[in-house]
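**Q** please find the sequence and the predicted model below.
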Amino acid sequence: MSVSNAVATSLPDQYDPLNEQVKQNPYPYYAKMRANEPVMYLPQMDAYAVASYEGVDKVLKDHKLFSSQFFWPELLGEYDPVPEVAPMISMDPPNHVHLRKLANKAFMPTKVAALEERARAIATELVEGLIAKHGKEGEFDWVWEFTALYPVTVISEVLGVPTARRAEFKVWVDDLLAAANRHAYGPERLAEIRAHSDQLRRFFEDLYDERKQNPQDDLISTFINAEVNGETMTRLEVLQMATLLLIGGVETTTNLLGCTMVELRRHPEVYARVRADHSLIPQLLEETLRFNPVVQMLFRHTVEDTELCGVKIPKGKAVMPLLGSANRDETKFSDANVFDIDRKPEVAMMSFGQGPHFCLGSFLARMEARVALEVVFSRLETVDPIAEAEDVVWLDSYFARGPHNLQVRFKAR
Ligand code: HEM
């Protein structure tokens, strides 16, 4: 166990999600906010950031005051491949409930358990590919050569994307995820994202039409035929749901595996224990999710004038619950800044959200990440990041958290 993220004096004074240094390590800023100003107005974003566990919990659970309606438009803007209908992540109850019930069926623990062997086969194929490419000993990039390829392959399989189209599919998905950073791109890159968003939509339209005629054992077919209270999903709703699963399920799981490897680098004593006993992998993942969550914050909008933790927030304002800060709230987690895989948390962590939009894919994400580590630790005798954890370059994002790349040295068994 060790304490990390001490406040460095040379850094900016206040939490500014757009600041480069803050993005690299937001935790000292979160700590300051929790102590001094748990709800803070950010003029540069015209939004209210919420840092305390209680504040975040309230925002996520009270959908009547804090609406999700603008979440998707904010994330994808004009690059949404299915702009005609909102995805459920951008709907408030009661409308949200209908779609959620339909989708829940596909992500129940029993359904996820049935996918485990396929996930294991995909992870094994990727690791064998690495050994074939680099030899029995050498270096590879944990992020670009492993974790970025794995969840997208699993979700392609789940959705029913034919193997022959997987490479194109990955390019479209990557560009859809890039749309979240559209403000930073020039016209050429934006034209590319537009084209790929359109191609993804056409691909899903064709897949829908094909599966409508010939249902298969895949998620698109399940959605086409699923019924709740005698109602089925429309074609556009199925297309939007498929897009949502890509956005929600690909980069997040990639980053979870990235963050986990960084924590293992930072805590060699934990690494040694987990390598000797793979049954500790779930605990390792839970603590990584709490300590350094891959989704750092969410967006909501106030439905009416309100007050949160003593701060007045006018109607129609953006509110940013900081999940990464709530997970370090000292009033809720003992030794909150200590990475401790043996921790027995007294309250739920916020990493998968709370309330009506609690992550649909949490069972799938946990299974995927566990299986990936089991495969890697079984097949590779060593796999160690080369850089110090403190030198890792994190994604240039205040929303998503994960190492940008992570060169590792490995030795196969
Ligand atoms: C480590 C991995 C993951 C993390 C940390 C994560 C995190 C989250 C969070 C914080 C939310 C709440 C959003 C909100 O309240 O507005 C959410 C919702 C969601 N997640 Fe995940 N997620 C992960 C993996 C996945 C996977 C693998 C899938 C599916 C393939 C998925 C699908 C979804 C969907 C569909 C929603 C929206 C649920 C709703 O609106 O009811 N997620 N996720």
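**A** Yep, that arrived. Residues are numbered from 1 along each chain as shown.
**Q** the closest residue to the ligand within the stretch 51-200 of the chain: what secondary structure?
**A** Proximity of the stretch 51-200 of the chain to the ligand (Cβ to the nearest ligand atom) peaks at residue 89, 3.7 Å away. From N, CA and C alone the C-beta is placed, and that goes for glycine too. At residue 89 the chain is in helix, as set by DSSP: H, G, I helix; E, B strand; the rest coil.
**Q** quick one: residues contacting it.
**A** 68, 71, 72, 244, 248, 357 (Cβ atoms under 8 Å, 6 or more residues apart in numbering).
**Q** same thing but 10 Å
**A** Residue 89 makes contacts with 68, 71-72, 75, 96, 99-100, 240, 244, 247-248, 298, 353, 357, 359-360, as judged by Cβ atoms under 10 Å, 6 or more residues apart in numbering.
**Q** and whichever residue of the chain sits closest to the ligand, what pLDDT?
**A** Closest to the ligand within the chain is residue 361: 2.0 Å, counting by Cβ to the nearest ligand atom. Note on residue 361: pLDDT of 96.
**Q** pretty sure it is touching residue 353, no?
**A** No: between residue 361 and residue 353 no contact is recorded; they are 11.2 Å apart, counting by Cβ atoms under 10 Å.
**Q** compare these two (neighbour count), which wins?
**A** Using other Cβ atoms under 10 Å as the criterion, residue 361 and residue 353 rank with residue 361 on top: 23 against 19.
**Q** leaving out the residues flanking it, which one is nearest to residue 248?
**A** Using Cβ to Cβ, 6 or more residues apart in numbering and skipping the chain neighbours, the partner closest in space to residue 248 is residue 361 (6.0 Å).
**Q** how about the contacts made by the one you found?
**A** Residue 361 makes contact with 103, 106-107, 112, 151, 155, 158, 244-245, 248-249, 252-253, 352, 367-368, according to Cβ under 10 Å, 6+ apart.
**Q** quick check: phi and psi at residue 50.
**A** Note on residue 50: backbone dihedrals following degrees, to the nearest 10 are phi -120, psi 120.
**Q** with residue 402 instead?
**A** Here residue 402 shows phi and psi, under degrees, to the nearest 10, equal to phi -180, psi 160.
**Q** not counting its neighbours along the chain, what's nearest it?
**A** Nearest non-adjacent residue to residue 402, counting by Cβ to Cβ, 6+ apart: residue 255, 2.9 Å away.
**Q** helix or strand for that neighbour, just tell me which one.
**A** Using DSSP states H and E, residue 255 sits in helix 251-266.
**Q** same thing with residue 44?
**A** Residue 44 belongs to no helix or strand, assigned by DSSP H and E.
**Q** so residue 40 touches residue 51, yeah?
**A** Yes: Residue 40 is within contact range of residue 51, at 7.2 Å (criterion: Cβ under 10 Å).
**Q** overlap in contacts, these two.
**A** Joint contacts of residue 40 and residue 51 (Cβ under 10 Å, 6+ apart) are 15, 29, 32, 33, 320, 322.
**Q** neighbour-wise, which of those residues leads?
**A** In terms of neighbour count, residue 322 stands highest of those at 30 neighbours, by other Cβ under 10 Å.
**Q** for the closest residue to residue 221 other than its chain neighbours, grab the count of nearby residues.
**A** Distances taken as Cβ to Cβ, 6+ apart put residue 215 closest to residue 221, at 4.0 Å, once the chain neighbours are dropped. Residue 215 has 14 neighbouring residues, counting by other Cβ under 10 Å.
**Q** so what's the spatially most central residue of the chain up against?
**A** What sits nearest the mean C-alpha location of the chain, by Cα atoms, centre = their mean, is residue 252, with 2.5 Å. Residue 252 makes contact with 151, 293-295, 351-352, 359, 361-362, 365, 369, 400-402, according to Cβ under 10 Å, 6+ apart.
**Q** now do 6 Å
**A** Contacts for residue 252 were tallied using Cβ atoms under 6 Å, 6 or more residues apart in numbering; they are residue 294.
**Q** next: the one 10 residues further on.
**A** Each residue near residue 262 by Cβ under 6 Å, 6+ apart is listed here: 389, 392, 403.
**Q** do the same with residue 96
**A** Shown in contact with residue 96 (Cβ under 6 Å, 6+ apart): 88, 356.
**Q** which element is it on?
**A** Element membership of residue 96, judged by DSSP H and E, is helix 95-106.
**Q** which elements pack onto the helix or strand that comes right after that helix?
**A** Following helix 95-106 in sequence order, the next helix or strand is helix 109-134 (DSSP H and E). Packing contacts for helix 109-134, counted by 3 or more Cβ pairs under 6 Å, 6 or more residues apart in numbering; DSSP states H and E, involve helix 150-159, helix 362-379.
**Q** deepest in the core, which of those helices is it.
**A** Of all those, helix 150-159 carries the top mean neighbour count, a mean of 23, counting by mean count of other Cβ atoms under 10 Å.
**Q** okay, residue 117: pLDDT?
**A** Here the pLDDT value assigned to residue 117 is 96.
**Q** that one: how many residues sit nearby?
**A** Neighbour count of residue 117, defined by other Cβ under 10 Å: 10.
**Q** also residue 188?
**A** Look at residue 188: counted by other Cβ under 10 Å, it has 7 neighbours.
**Q** just checking, the residue nearest to residue 402 touches residue 294?
**A** Yes: contact criterion Cβ atoms under 6 Å: residue 255 and residue 294 qualify, at 3.9 Å.
**Q** what's the overlap in contacts for these two?
**A** Common neighbours of residue 255 and residue 294 (criterion: Cβ under 6 Å, 6+ apart): residue 402.
**Q** returning to that earlier point: quick one: the residue nearest to residue 248 from residue 109, how far?
**A** 12 Å (Cβ to Cβ, to the nearest Å).
**Q** what touches both of the two?
**A** The overlap between the contact sets of residue 361 and residue 109 (Cβ under 6 Å, 6+ apart) is empty.
**Q** just name the shakiest helix or strand of the protein by mean pLDDT.
**A** The weakest-scoring helix or strand in the chain, judged by mean pLDDT, DSSP states H and E, is helix 166-178 (a mean of 85).
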